[in-house]
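**Student:** A structural model of the following input is requested.
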Amino acid sequence: MADLGIIARRKFFNNAFDGALTCSGIVSGIFIIFLNNPNQFTPQNVIVTGFATALAIGISGLWGAFLSEEAERKKKVSDLKKEMAIIEENEERDDDSLEEKKINNKKKRKKNKKKKTVLEKAEDFATIVASLVDGGAPVLGSSLPLIPFFFGIDLTIGHFISSYLILVGLLVYLGIYLGKISGGGRIRYALHLVTAGVVTLLVSILLGI
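**Tutor:** Numbers count the residues shown, from 1 in each chain. Take a look at the predicted model:
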């Protein structure tokens, strides 16, 4: 009723992809600095920086999505109620007095305030779920590539290679997921997303140079 499936899928992909590329940019930036000065960072520095960014994106997505979804869905219900009120008004008997109509409208308003319609409940539920997906997907996309940095005391090239492999795997998965939704072209979508990750790395290297 609230078209939650379509919205949640779109939000999950967009925000997980944003989170993954954001993490890629952070890891790449630290990697460039690491090549110039290997002792400047520790794995803990990368974890703190990455998770702080992931949480910031997640809170931003959750908060913004909840407010925007709530506003849009309230407008949708309000517009629908207006349309229904017009229909009900046209269907009222012609012999009803103006006073009786006012009394009936007051009773209807009181009843509607006490009890939510099925559509209103569906829209409220959709707002909460869409907000959670909007906030959780970027955190997931940003956090997974940080897993290798939990291992070891000293920062090494192996940490970055492992992180990039996880990132590539995540982008491939999102590409396959998007291809499945569209009904085909899974490899094409996967290549597109991996290309975006490679471009992010190249841009970071150019900035470092």
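**Student:** mind listing what Tyr177 touches?
**Tutor:** If you count contacts by C-beta atoms under 8 Å, 6 or more residues apart in numbering, Tyr177 has them with Phe13. Placement of C-beta: from N, CA and C, glycine included.
**Student:** in what helix or strand does it lie?
**Tutor:** helix 157-182 (DSSP states H and E).
**Student:** buried residues in that helix?
**Tutor:** By neighbour count on 16 or more other C-beta atoms under 10 Å, the buried set for helix 157-182 is 159-160, 162-164, 166-168, 170-172, 174-175, 177-179.
**Student:** Helix or strand with the lowest mean pLDDT in this structure?
**Tutor:** helix 98-114 (a mean of 56; mean pLDDT, DSSP states H and E).
**Student:** name the helices or strands packed onto the helix or strand hosting Val203?
**Tutor:** Take DSSP H and E as the rule and Val203 turns out to sit in helix 186-208. In terms of contacts (3 or more C-beta pairs under 8 Å, 6 or more residues apart in numbering; DSSP states H and E), helix 186-208 is packed against helix 4-36, helix 157-182.
**Student:** gap between that helix and the chain center?
**Tutor:** For helix 186-208, the distance from its own C-alpha centre to the chain's C-alpha centre is 21 Å (C-alpha atoms, centre = their mean, to the nearest Å).
**Student:** Identify all contacting residues around it.
**Tutor:** Against helix 186-208 from outside (C-beta under 8 Å, 6+ apart): 17, 20-21, 24-25, 28-29, 31-33, 35-36, 164, 167-168, 171-172, 174-176, 178-180, 182.
**Student:** any idea of the angle it forms with helix 4-36?
**Tutor:** Put simply, helix 186-208 runs at 40 degrees to helix 4-36, going by axes from the mean of the first three to the mean of the last three C-alpha atoms, to 10 degrees.
**Student:** Helix 186-208 vs helix 157-182, what angle?
**Tutor:** 140 degrees.
**Student:** Can you give me the buried ones in helix 186-208?
**Tutor:** 186, 189-190, 193-194, 197, 200-201, 204.
**Student:** could you redo the residues you listed as TSV and give each row pLDDT?
**Tutor:** What follows is those, written out as TSV (pLDDT from 0 to 100):
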residue	pLDDT
Arg186	82
Tyr189	84
Ala190	87
Leu193	87
Val194	89
Gly197	85
Thr200	83
Leu201	81
Ser204	79
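**Student:** Lys121: which of those is nearest?
**Tutor:** Tyr189 (35.4 Å; C-beta to C-beta).
**Student:** Which secondary structure elements does the next helix or strand after the least confident helix or strand of the chain sit against?
**Tutor:** Toward the C-terminal end, the helix or strand that comes next after helix 98-114 (DSSP H and E) is helix 118-143. Contact analysis of helix 118-143 by 3+ C-beta pairs under 8 Å, 6+ apart lists helix 4-36, helix 43-91 as its packing neighbours.
**Student:** Try it again at 10 Å.
**Tutor:** helix 4-36, helix 43-91, helix 157-182 (3 or more C-beta pairs under 10 Å, 6 or more residues apart in numbering; DSSP states H and E).
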